[in-house]
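*Asks:* next one to model:
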Amino acid sequence: MLLDTASLYYRAYFGVPDSVRAPDGTPVNAVRGLLDFIGRLVQDHRPDDLVACMDADWRPHWRVELIPSYKAHRVAVETADGLPDEEETPDTLAPQVPIIEDVLDALGIARVGVAEYEADDVIGTLTGLATGPVDIVTGDRDLYQLVDDAREVRVLYPLKGVGSLQLTDEAWLREKYGVDGSGYADLALLRGDPSDGLPGVPGIGEKTAAKLLDTFGDLAGIMAAVDDPAAKLTPSQRKRLDEARDYVAVAPTVVRVAGDVPLPAFDPALPTEPRDPAALEALAGQWGLGGALQRLLSTLRA
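*Replies:* As a prediction, this is how the structure comes out:
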């Protein structure tokens, strides 16, 4: 089970009242909400391995170089010297992220982030290396591109908390979008995604993109059709795709998750006891993690 951790703690932050606070008054709604999310996921799905995948760089420079608008609207502070830009984050969420990291480490839940890569890229690489079924837990549809029935890779997309999950397999994708997992990235780059600053191809919406992929197979097939006068493209489609060649040439590298992230050594096994009980006890007392932490520990021990 691979967690898109930031996606989940954002959902926890907005789903749990900020009146949930530590003894010193610091909000810990995202921390406690995430612990409850993980407990529910472990209870319901019983994974052998669990990895909390992290955004070491939420807006990698190598993606921005190709498409400068990539996530540009979410930059709070631009940084120099190759460091990641600071992302706009709610004032009461940002201080909770280091607490989340400390608690996961004390629990012994593997936490993996790699410089210059997003959590999506870590998830993509781990999925490619997996020798058995993979459940990806994310509120980000970008990861639908990894769904693969033959390899038993599916996305668990939270609808309301994590107690209500949309089990996303290739049948669901074909019903909803008209593509399978491997076609979703092509659909997304043609359609565009304002939330990630991806412009898409003007005039090519989701339904048109799906029809083009159904007709021509993949992005390469579509662009080959642009150069084939006999191909069944409308004049408008041919013109728009031709004008978008520069974008189409670079967008796949931006949209598709990396599959070759240099991962550190780590133990993905789901812990049954905390790695550092003393540190965990101190964190629980300092931040008032109480019931949420005890519920998770009970689930892990079971």
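*Asks:* any low-confidence regions in the chain?
*Replies:* Low-confidence segments of the chain, defined by pLDDT under 70: 81-82.
*Asks:* just how off-centre is the longest strand that it contains within its chain?
*Replies:* Taking DSSP state E as the criterion, the chain has its longest strand at strand 153-160. Computed by CA atoms, centre = their mean, to the nearest Å, the chain-centroid distance of strand 153-160 equals 11 Å.
*Asks:* for that strand, C-alpha coordinates in CSV please.
*Replies:* Extracted in CSV, the C-alpha atoms of strand 153-160 (Å, rounded to 0.1, in the frame of the first residue of the first chain):
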residue,chain,number,x,y,z
VAL,A,153,-2.4,-2.2,-9.4
ARG,A,154,-5.4,-0.1,-8.4
VAL,A,155,-6.1,3.4,-7.0
LEU,A,156,-8.1,3.8,-3.8
TYR,A,157,-9.5,7.3,-4.1
PRO,A,158,-11.1,8.8,-1.0
LEU,A,159,-14.7,10.0,-1.5
LYS,A,160,-15.4,10.8,2.2
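*Asks:* just checking, what packs against that strand?
*Replies:* In terms of contacts (3 or more CB pairs under 8 Å, 6 or more residues apart in numbering; DSSP states H and E), strand 153-160 is packed against strand 134-137, strand 164-168. (C-beta placed from N, C-alpha, C; glycine too.)
*Asks:* quick check: which of those strands is buried the most?
*Replies:* Highest mean neighbour count of the helices and strands packed on strand 153-160: strand 134-137, a mean of 23 (counted as mean count of other CB atoms under 10 Å).
*Asks:* partner strands of it, with direction?
*Replies:* Its sheet considered, strand 134-137 pairs with strand 2-4 (parallel), strand 153-160 (parallel) by DSSP bridges.
*Asks:* would you turn those strands into JSON lines with distance to residue 297 and mean neighbour count?
*Replies:* Listed next are the strands paired with strand 134-137 as JSON lines, based on distance: least, CB to CB, whole Å; neighbours: other CB atoms under 10 Å:
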{"stretch": "strand 2-4", "distance to residue 297": "18", "mean neighbour count": "28"}
{"stretch": "strand 153-160", "distance to residue 297": "22", "mean neighbour count": "19"}
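*Asks:* what's the closest of the ones you listed to residue 65?
*Replies:* Distance to residue 65, taken as CB to CB, is lowest for strand 2-4 among those, at 24.0 Å.
*Asks:* the chain: helices as residue ranges?
*Replies:* For the chain, helices defined by DSSP state H occupy the ranges 5-15, 29-45, 61-66, 96-107, 119-129, 170-177, 181-191, 206-216, 219-226, 235-243, 245-255, 277-287, 290-301.
*Asks:* mean neighbour count and distance to residue 138 added to the ones you listed, as TSV?
*Replies:* Shown next, in TSV, are these (neighbours: other CB atoms under 10 Å; distance: least, CB to CB, whole Å):
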stretch	mean neighbour count	distance to residue 138
helix 5-15	21	5
helix 29-45	22	12
helix 61-66	15	18
helix 96-107	20	16
helix 119-129	22	8
helix 170-177	16	14
helix 181-191	23	13
helix 206-216	17	20
helix 219-226	17	23
helix 235-243	15	30
helix 245-255	17	15
helix 277-287	15	25
helix 290-301	17	20
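*Asks:* of all those helices, which one is nearest residue 160?
*Replies:* helix 5-15 (8.4 Å).
*Asks:* so what touches the closest one?
*Replies:* 29-34, 36-37, 52-55, 58, 90, 92-93, 96-97, 100, 111, 119, 137-140, 158, 161-162 (CB atoms under 8 Å, 6 or more residues apart in numbering).
*Asks:* next one: stretch 97-108
*Replies:* 5, 9, 28, 30-31, 34-35, 52, 54, 111, 271, 273-277, 279-280, 283, 287, 289, 293, 296, 300.
*Asks:* what do you get for stretch 143-156?
*Replies:* Contacts for stretch 143-156 (CB under 8 Å, 6+ apart): 4, 41, 45, 120, 123-124, 127, 130, 132-138, 162, 165-171, 173, 177, 180-182, 184-185, 188, 255-257.
*Asks:* recalculate using a threshold of 7 Å.
*Replies:* The contact list for stretch 143-156, computed with CB atoms under 7 Å, 6 or more residues apart in numbering, reads 4, 120, 123-124, 127, 133-138, 165, 167-170, 173, 181, 184-185, 256-257.
*Asks:* alright, calling it a day.
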